[in-house]
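J.: Coordinates for the following, if possible.
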Amino acid sequence: MAGKKILLMALVFAIAASALVYTYVSQSGKPAKEPEYSNVLVALKNIEKNAVITPNDVKTVRMIKSYINQKAVASTDKILGKRARERILEGEQILEDRIADREKQVMAYNIPEGKRAVSIKVNEALEVGDFVRPGDYVDILATFEKYDVEDSSPKITYPKTTKTILQNIMVLGVGQLMDIPDKSKAGLPKTITLAVTPDEAEKLVFGEEAGVLRMALRPVGDNKTNTTSGIVREDVAATRSKGGLSR
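T.: Numbers count the residues shown, from 1 in each chain. Now for the predicted structure:
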């Protein structure tokens, strides 16, 4: 009886194995399935962080669908005129999360790491004759009026002083603009926005509140800083005495 059961089981296994072999052989003769292709945008060249994306920066390529990132962009309508959140290398697929939305294309995405954006009020003298533009670098000078410390003994008097309080400061925005404006349409802005460290921000705000500010426009490529001690009237103008002019 046991022998018959073993024989029956062997027969079942043989039939199953034959079916598997037949299936494999029949399928192996079929041609391979053609892969699906789809369009995707890739970087035509390196796109730097915060750069505005133009038609010259990207191209459309056909790629096997399984190789395309799920966040990849297929249409230029979604990215042209927007800014890159970070550097995109030539040949990389353009991903949605690496592009700043237009409504987020604001100052926060243009502030260098470790800096803060601080705005100060503008007049023509401060704005260097309306020549300052986003991306320029400037020095900030502050003039403080004579100041007496009455509660000290003896009384301390600080003379009127002009001092360079900040150097090599990046201009982030002029008025509401973060790009170089059209001179034919631009008027004198109400504010200038600067990129400063937290310590520099304190100096800048105090200088505006307590004194009079001026900006000095730096030439392109000049990032040197100088040590200055400030200047008072006696440093630039002689005072008259009975014996004539003296310092």
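
J.: and stretch 108-126, what's its mean pLDDT?
T.: Stretch 108-126 shows a mean pLDDT of 81.

J.: If we go by neighbour counts, what in it is buried?
T.: Asn110, Ile111, Lys115, Ala117, Val118, Ser119, Ile120, Val122, Leu126 (16 or more other C-beta atoms under 10 Å). All C-beta spots, glycine's among them, are computed from the backbone N, C-alpha and C.

J.: ok, the closest residue to Gln93 other than its chain neighbours - contacts?
T.: Closest residue to Gln93 apart from its sequence neighbours, by C-beta to C-beta, 6 or more residues apart in numbering: Ala72 at 4.4 Å. Applying C-beta atoms under 8 Å, 6 or more residues apart in numbering to Ala72 gives the contacts Val40, Leu41, Gln93, Ile94, Leu95, Glu96.

J.: for those residues, which one is nearest Ile68?
T.: Val40 (5.0 Å; C-beta to C-beta).

J.: Any figure for the gap between that closest one and Val52?
T.: 21 Å (C-beta to C-beta, to the nearest Å).

J.: Pick out whichever of those two has more residues nearby.
T.: Val40 (19 against 14; other C-beta atoms under 10 Å).

J.: pLDDT below threshold where in this structure?
T.: Per-residue confidence for the chain (pLDDT under 70) gives these ranges: 1-32, 101-107, 109, 124-130, 152, 176-188, 238-247.

J.: change it to 90
T.: Where the chain drops to pLDDT under 90, the residues are 1-37, 48-53, 64-68, 75-87, 96-113, 121-135, 145-160, 172-191, 220-223, 227-247.

J.: all helices for it, in order.
T.: 2-28, 198-210, 233-236 (DSSP state H).

J.: In the second one, which residues are buried?
T.: In other words, helix 198-210. Across helix 198-210, burial judged by 16+ other C-beta under 10 Å covers Glu200, Ala201, Leu204, Gly207, Glu208.

J.: what residues does stretch 142-156 touch?
T.: 157-163, 165, 207, 210-214.

J.: Let me know how buried Arg133 is, in neighbour terms.
T.: 16.
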